[in-house]
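Asker: when you get a sec, could you give me coordinates for this:
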Amino acid sequence: MTQMREYLAQLFVVKGEVTQDPRTFTKWKKAFILTLLCFIGALPGLSSTLYFPSIPEITLDLNAPPIGVTASTALFVGVLGIAPIVWASVSDFYEIRRSLYILSELIFTASSLGAVFVDNIWVLVVLRCLQSVGSSAGAAITAGTIADCWAIEERGRAMSLLFVGQFIGPLLGPTIGGAVAQTFGWRAIFWFCFIYGAAMSVLLFFAMPETYRSLKFEQDQGEMKPLTSLSPPSTPVLSASPTPLIDTHDDLASSPSLSPTMDDDGMMVIPQPLQSPEASQPLSLDVQSSPDPPPHTPALFPPSHPPLAPKKLNILASLALLRHDFVIIPSVVGAVPFASMFIFENLIPVFFSSVYGLSTLLVGLCFLGGGMGNIISALVGGRILDRSLVQGERMRGYHLPEDRFSWSLYISTFILHPVGAMIFGWGVVQYWSLAVPIIGFALICFSMNQIMLPASTYLVDSVPGRGASSTACAALVRNVLTCVLTLVTDPLYRAIGVEWLSLILAISNVGVGFLILHINRRGQAMRNKAGFISMSEKKYNDAQKT
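Answerer: Residues are numbered from 1 along each chain as shown. Now for the predicted structure:
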């Protein structure tokens, strides 16, 4: 009975204690966690696409104006870009994952129940926004959980499987939504969402462990030691040159005597080890004796010698990452093909019902082609990602985050995505066989995943210890762009035609290819200039010095 009480008490703890390094979890436990992450990650796409086949029915039943229906889809995506910033900031500040997953599912469950009983389109818009808030944790902190549990060499495959889960939603959502709406009415799709959210809340509460490897846990494991273990004769200060940021969620053993501090942007800074004057190697930091550190210069050894400076919760701190070229460019790289895919996803119910005369159920089934393209791409892409990382290490002796940009990404940006867009647009206008736009949409989804997967993994690898924040920044750029383009899609295709809209989207994705070439060529220099260095680079540099 006592053990049962202790077990139940632990379940209600907001910030659970991590007693075992999640990277050492058994294979089966990691597989179970990844399965839960896939169900969490599937929720945004599922709850979004469940809705699409029922749009004509909802419009008639609620007597909704076109702008109201458009807002119910566009604002869902817009909130899906903003809310992850909040989830990621709270996760990094309080060093928690599990509690946020549970809270987000509860929000989604409650808003889904409310949507069942609405009789006004604008109330539905508000509840759809709350649904988006509840489902957005999967877009923010699942990548952080991957970084908690998998080493960088294994992360590509884990991320690809996570993407499979995320795209199960768009694969099954329209089919399920179309079948449910045609059989029971459109309100039944929100009953489905309610049951899904309630089941996930219970499962996460009882089965999901806390995985956030806090600084205290890493110090207790001997991977870091507090600053008080050093006793300098005077107060050294850092030079103006940036201090490299080491990936504390990858491999921390090379910094045994220094603990990180937090800079003004909330970033984790781990100073390089100090060396004795007799050491043959030069100091990696210019350290000078100064009783009063200059203004705006962080002291390496504050007078009170605290292990860490007090942190303040700043929800907008994650956005500071977007000032770095190597963060904003991959974010845009992932945003453009996703926005393009979402536009075509909104056009399918309109044209497949008007041009081809399909019912709600058959329209939902037509989304299966795109969903299969997503899943096949995710399964293939993960292996390509990890293989390219290994090839980079063989070639130069160490791997770089830029190694994630492989040949498949360029084929997708310059060929597959533009071809898919053109096939869809002209196929619909020219009344070609229904198979033609379905194949075009499948190519769009396949290539989108081939672009987004390496871009997302690159962000996790290149911003050490802040995988959740960098992923949230990418989600913000991606979903805000998608929201804006969705709002203008209807008047735009009516003005210029869907075929010319498809041409514009095709050209935009070709432009993404040139952005990738730039970040692949200049990414390492950008990261090092900003003070970021991967653990693999540091180990190689240290080995070369010795």
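
Asker: to which secondary structure element type does the closest residue to D61 other than its chain neighbours belong?
Answerer: In this structure, D61 finds its nearest non-sequential neighbour in W186, 6.8 Å apart by Cβ to Cβ, 6 or more residues apart in numbering. Backbone N, C-alpha and C define where each C-beta goes, glycine included. Here W186 is recorded as coil under DSSP: H, G, I helix; E, B strand; the rest coil.

Asker: and for W186, the neighbour number?
Answerer: By the other Cβ atoms under 10 Å criterion, the neighbourhood of W186 contains 22 residues.

Asker: quick check: it vs G371, distance?
Answerer: Remark: distance between W186 and G371 (Cβ to Cβ, to the nearest Å) = 21 Å.

Asker: spatially central, which residue of the protein would that be?
Answerer: Closest to where the C-alpha atoms of the chain average out (Cα atoms, centre = their mean) is T471, at 3.7 Å.

Asker: that residue: helix or strand, and which one exactly?
Answerer: T471 is located in helix 467-496, with elements delineated by DSSP states H and E.

Asker: next structured bit after that helix?
Answerer: helix 498-530.

Asker: what helices or strands is that next one leaning on?
Answerer: When contacts are defined as 3 or more Cβ pairs under 8 Å, 6 or more residues apart in numbering; DSSP states H and E, helix 498-530 sits against helix 325-354, helix 407-411, helix 417-429, helix 435-462, helix 467-496.

Asker: right, so those helices: which one is the most enclosed?
Answerer: Highest mean neighbour count of the helices and strands packed on helix 498-530: helix 435-462, a mean of 26 (counted as mean count of other Cβ atoms under 10 Å).

Asker: okay, the angle between that one and helix 498-530?
Answerer: 10 degrees (axes from the mean of the first three to the mean of the last three Cα atoms, to 10 degrees).

Asker: average pLDDT for helix 435-462?
Answerer: Per-residue pLDDT over helix 435-462 has a mean of 86.

Asker: oh, and call the first residue 40 from now on, that's how I've got it
Answerer: All right, first residue 40 from here; so that's helix 474-501.

Asker: report the angle between that helix and helix 364-393.
Answerer: Interaxial angle, helix 474-501 versus helix 364-393 (the same axes, to 10 degrees): 160 degrees.

Asker: check which helices and strands helix 474-501 sits against.
Answerer: Under the contact rule (3+ Cβ pairs under 8 Å, 6+ apart), helix 474-501 is packed against helix 181-188, helix 191-223, helix 364-393, helix 407-435, helix 446-450, helix 456-468, helix 506-535, helix 537-569.

Asker: which of the ones you listed has the lowest average pLDDT?
Answerer: helix 407-435 (a mean of 76).

Asker: can you name every helix or strand that that one contacts?
Answerer: In terms of contacts (3+ Cβ pairs under 8 Å, 6+ apart), helix 407-435 is packed against helix 191-223, helix 446-450, helix 474-501.

Asker: got JSON lines for those helices, with distance to T181 too?
Answerer: Putting these into JSON lines (distance: least, Cβ to Cβ, whole Å) gives the following:
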{"stretch": "helix 191-223", "distance to T181": "6"}
{"stretch": "helix 446-450", "distance to T181": "22"}
{"stretch": "helix 474-501", "distance to T181": "11"}
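
Asker: which one of the helices and strands packed on helix 474-501 lies closest to C168?
Answerer: Taking Cβ to Cβ, helix 506-535 is the member of the helices and strands packed on helix 474-501 nearest to C168, at 11.2 Å.

Asker: that closest one vs helix 537-569, what angle?
Answerer: 150 degrees.

Asker: which elements pack onto helix 506-535?
Answerer: helix 105-133, helix 176-179, helix 181-188, helix 364-393, helix 474-501, helix 537-569.

Asker: how many residues are close by G436?
Answerer: Neighbour tally, G436, other Cβ under 10 Å: 12.

Asker: ah, wrong one, I meant V155
Answerer: V155: 14 surrounding residues under other Cβ under 10 Å.

Asker: related to what we said a few turns ago, what about the helix holding T510, distance to the chain center?
Answerer: On the basis of Cα atoms, centre = their mean, to the nearest Å, helix 506-535 sits 15 Å off its chain's mean C-alpha point.

Asker: can you tell me which residues contact the spatially closest residue to I354 that is not a sequence neighbour?
Answerer: Using Cβ to Cβ, 6+ apart and skipping the chain neighbours, the partner closest in space to I354 is S128 (4.5 Å). Contacts for S128 (Cβ atoms under 8 Å, 6 or more residues apart in numbering) come out as L352, N353, I354, L355, A356, S357, S508, A511.

Asker: buried subset of those residues as a ChimeraX selection?
Answerer: What follows is the ChimeraX syntax selecting those of the contacts of S128 that are buried according to 16 or more other Cβ atoms under 10 Å:
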select :356,357,508,511
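
Asker: of the contacts of S128, closest to P123?
Answerer: Proximity of the contacts of S128 to P123 (Cβ to Cβ) peaks at A511, which lies at 4.0 Å.

Asker: which residues touch the closest one?
Answerer: When contacts are counted by Cβ under 8 Å, 6+ apart, A511 touches P123, I124, W126, A127, S128, A178, A179, S357.

Asker: which one among the residues you listed gets closest to Y251?
Answerer: Comparing the contacts of A511 against Y251 with Cβ to Cβ places A127 closest, at 12.0 Å.

Asker: how many residues are close by I234?
Answerer: 13.

Asker: again, but for G55
Answerer: As a burial measure, G55 scores 18 neighbours (other Cβ under 10 Å).

Asker: my guess is L139 contacts G183. True?
Answerer: No. Taking contacts as Cβ atoms under 8 Å, L139 lies outside contact range of G183: 10.1 Å.
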